[in-house]
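> Sequence and predicted model, in that order:
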Amino acid sequence: MKSNTLLTLLAIFYINTTSWAQIENPVKSFIIDNNIIELTFEKTPTTIELASIKDKRNNSSFEFQNQKGFLSDTLHKIQDITLNKTAQNLNELVIEYDSYTLKTIIKTYNNAAIVAFDYYIKTKTRNLNFTPKTTELFSFDIAQANWQGESIEFFDQTDHTNELVLHHKFSPRDTLKGNILTLFNKKENKSLFLLKESPTVVAQLYYPGHDFKINKNHIKVCGAGISNKDLNSKEWTKTYSVVFGFADNNETNLLKTLRAYQKESRKYNSHIDDMIMMNTWGDRNRDARISEEFILKELKYAANLGITHYQIDDGWQQGLSKNSANPDGNVWDLWKKEEWQAHAKRFPNGLEPVIKEAKKQGIKLGLWFHPSNYNNYENWEQDAEIVTQLFKKYSIQYFKIDGVKLKNKQ
């Protein structure tokens, strides 16, 4: 009796840099914090909701209304909850339901008011009622009349697209495409962003036709990237991730917050992040000009332009692809090992002369590669061996992996 009374009184847990907690049923809320931000979560019968995020540096905060996470619209009641601090700024929240287990990795950062959510699911039954196109990753209510903003959509198929970024204005009762949603509120002097960490629209799995859905004052991040057939009881299946950040009502400060997340979420590598790359496909002649003579001239011009990396695109290899300007090109879905040698006519001396010239000009050379996508990439080990051998033979570290279409999590 005394134990239950004590747990009831301890309605709030603080998760700091050294502690971990088992969240018992009487607990109604808990806090995760670091030196910069404080996150307050509240427990409901069916989920854990993010109630607020506070920036300790200026005491500003964003209060959530009716916030929901992945699969939070479920009718299943919570059976058990465990919260563990696994590393600095990393907390693992595991919620047990009757038919599945949901694991959420909650990530905070040391230099901005940002929280990121990685979701993992493991089923206990084959009859989980999960509909990919209607499942939300993150949602909450706002006073819509006071907010304005847009979604930002990115494109990566430069063969067919000249405009790589599109902006879509935010409006009530609307669906928007894009990986980023930005919102600004002049009245409350606040701004926020939602980042959906997923491929672009054309490459997402089980895409519902939009990434954000606005219904009056309710905002949803949609499309988890998984389906029922991806789920099992033995392994965790990861969905797409969501990142939330906020600042004052200033676009520059909001972009700085987003930039801070980018800097902390991935390690800076000067060999990758500081490159200026030139690509042989860029003149829209496909592979018509690719040859030893052409590449040798290009490398000299590239050096004068300050190019750091030069990537020889489709057409350097013996097996010409179906995108080749040469009518004999027809390979795409299934490649043979011998087709990944330097083209005998285009590079009669192999790749050694162009590699030597690239080193002379201080340019790092890259090659195009298309994995065999036959039967859901069943030959992936051969593809890995081909790339490894090209690296060993030519010391080439940069490969453009093209034409990848992953149809499921497997």
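That came through, no problem.

> residue boundaries of the helices in the stretch 151-300 of the chain?
With helices called from DSSP state H, counting those that start in this stretch, the stretch 151-300 of the chain shows them at 251-265, 270-273, 292-304.

> Which one of the ones you listed has the poorest average confidence?
Ranked by mean pLDDT, these end with helix 270-273 in last place, scoring a mean of 79.

> Just the C-alpha atoms of it, please, in PDB.
Below are the C-alpha coordinates for helix 270-273, written out as PDB (Å, rounded to 0.1, in the frame of the first residue of the first chain):
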ATOM      1  CA  SER A 270      36.100  17.100 -45.300                       C
ATOM      2  CA  HIS A 271      36.800  14.500 -48.100                       C
ATOM      3  CA  ILE A 272      33.000  14.200 -48.700                       C
ATOM      4  CA  ASP A 273      31.500  17.500 -47.400                       C
END
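
> Can you mark which positions in that helix are buried?
When neighbours are counted by 16 or more other Cβ atoms under 10 Å, no buried residue of helix 270-273 is found. (Glycine included, C-beta is placed from N, CA and C.)

> again with stretch 191-209
191-201, 204-208.

> So what would you say the end-to-end distance of it is?
26 Å (Cα to Cα, to the nearest Å).

> and of the helices of the stretch 151-300 of the chain, who's closest to S395?
The minimum distance between S395 and the helices of the stretch 151-300 of the chain falls on helix 270-273, with 13.5 Å, by Cβ to Cβ.

> Backbone dihedrals for I31, please?
Dihedral angles of I31 (phi, psi; degrees, to the nearest 10) stand at phi -120, psi 140.

> about what we covered before: of the buried residues of stretch 191-209, which is the nearest to V331?
Closest to V331, out of all of the buried residues of stretch 191-209 and judged by Cβ to Cβ, is P199, at 24.8 Å.

> State the distance from D328 to H167.
43 Å (Cβ to Cβ, to the nearest Å).

> repeat for K356
45 Å.

> same check, this time on I105
31 Å.

> Could you check which of those two has the larger neighbour count?
I105 (16 against 12; other Cβ atoms under 10 Å).

> wait, the more buried one sits on V94?
No - using Cβ atoms under 8 Å as the test, I105 is too far from V94 to be in contact (10.1 Å).

> By mean pLDDT, point me to the weakest helix or strand of the chain.
helix 2-9 (a mean of 32; mean pLDDT, DSSP states H and E).

> And stretch 34-41, what's buried?
N34, I36, I37, E38, L39, T40, F41.

> isn't the third one right next to K56, touching?
Put plainly, it is I37. Yes - in this structure, I37 is within contact of K56 by Cβ under 8 Å, at 6.5 Å.

> Near the closest residue to G315 other than its chain neighbours, how many other residues are there?
Excluding the flanking residues, the one nearest G315 by Cβ to Cβ, 6 or more residues apart in numbering is D287, at 2.5 Å. Number of residues near D287 (other Cβ under 10 Å) recorded here: 24.

> quick one: contacts for D287?
Going by Cβ atoms under 8 Å, 6 or more residues apart in numbering, D287 touches T280, W281, D313, D314, G315, W316, L320, N323, S324, A325, N326, G329.

> distance of the residue nearest the centre of the chain from P172?
Geometric centre of the chain, nearest residue: E197, 3.1 Å, by Cα atoms, centre = their mean. Separation of E197 from P172 (Cβ to Cβ): 26 Å.

> try K77
K77 is 33 Å from P172, by Cβ to Cβ.

> Also L305?
48 Å.

> out of those two, which sits in the busier spot?
Using other Cβ under 10 Å as the criterion, L305 and P172 rank with P172 on top: 12 against 8.

> tell me the phi and psi of the more buried one?
phi -70, psi 150.

> Which neighbouring residues are in contact with it, exactly?
P172 sits in contact with Q144, I214, N215, K216, N217, where contact means Cβ under 8 Å, 6+ apart.

> Could you provide those in a markdown table, with additional columns for neighbour count?
Below are these laid out as a markdown table (neighbours: other Cβ atoms under 10 Å):
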| residue | neighbour count |
| --- | --- |
| Q144 | 18 |
| I214 | 22 |
| N215 | 14 |
| K216 | 11 |
| N217 | 16 |
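
> so who does I105 touch?
Counting by Cβ under 8 Å, 6+ apart, I105 has contacts L90, N91, E92, L93, F117, D118, Y120.

> Which strand or helix spans the second one?
Translated: N91. strand 90-96 (DSSP states H and E).

> Who are the packing partners of that strand?
With contacts taken as 3 or more Cβ pairs under 8 Å, 6 or more residues apart in numbering; DSSP states H and E, strand 90-96 sits against strand 80-87, strand 100-108.

> which of the residues in the shortest one are buried?
Within strand 80-87, the residues that qualify as buried by neighbour count (16+ other Cβ under 10 Å) are I81, L83, K85.

> again, but for stretch 219-238
219-227, 230-231, 237-238.

> Tell me where the model's unsure across the chain.
1-27, 72-75, 126-127, 129, 132-133, 144-145, 410 (pLDDT under 70).

> Tell me the gap between stretch 279-289 and the middle of its chain.
For stretch 279-289, the distance from its own C-alpha centre to the chain's C-alpha centre is 29 Å (Cα atoms, centre = their mean, to the nearest Å).
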